[in-house]
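> Mind folding the following:
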Amino acid sequence: MAEPRFRTGDRVKVVKAYPPGHVRTPYYIRGCTGEIERYCGSFANPEELAQMRSGLPPVPLYRVRFPQEQVWPDYRGERADVVEIEIFEHWLEPA
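Reported below is the predicted structural model:
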């Protein structure tokens, strides 16, 4: 099993890529910067499982917290509002 690359509190950026296939990272969050809220464990890669492959080795999964205004620049709610999304490590890079 892979050791997690990131720790709680690390700032990360979601890779801005648009590969074909069954992708588990929302389109609207790609390219956004957030903070690791927690490490959720390591799991089979669902993008590989969708292609009828084993999904192994397991990939670390994180819950990433994004300020709403980072995701939606025209957001008019409270500055403290966030959105949290679980994202696999291969979609993240250090910010």
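> Would you quantify the distance from V14 to G77?
21 Å (CB to CB, to the nearest Å). (Each C-beta comes from the backbone N, C-alpha and C, glycine too.)
> quick one: the helices in this protein?
For the chain, helices defined by DSSP state H occupy the ranges 46-49, 68-71.
> remind me, longest strand of this structure?
Scanning the chain for the longest strand, with DSSP state E as the assignment, gives strand 33-43.
> avg pLDDT for that one?
Taken as a whole, strand 33-43 has a mean pLDDT of 98.
> What pairs with it, parallel or antiparallel?
Sheet pairing here is set by DSSP bridges, and for strand 33-43 it gives strand 11-14 (antiparallel), strand 59-67 (antiparallel).
> Redo the ones you listed as TSV? Include mean pLDDT and distance to P4.
Below are those laid out as TSV (pLDDT from 0 to 100; distance: least, CB to CB, whole Å):
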stretch	mean pLDDT	distance to P4
strand 11-14	98	12
strand 59-67	98	4
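> for the closest residue to R11 other than its chain neighbours, what are its contacts?
Using CB to CB, 6 or more residues apart in numbering and skipping residues adjacent in sequence, the residue nearest R11 is A95, 3.8 Å away. Residues in contact with A95 (CB atoms under 8 Å, 6 or more residues apart in numbering) are 11-13, 33.
> separation between the residue sitting furthest away from the middle of the chain and I85?
With distances taken as CA atoms, centre = their mean, the residue sitting farthest from the centre of the chain turns out to be R76, at 23.9 Å. Using CB to CB, we find R76 at a distance of 21 Å from I85.
> same deal with L49?
19 Å.
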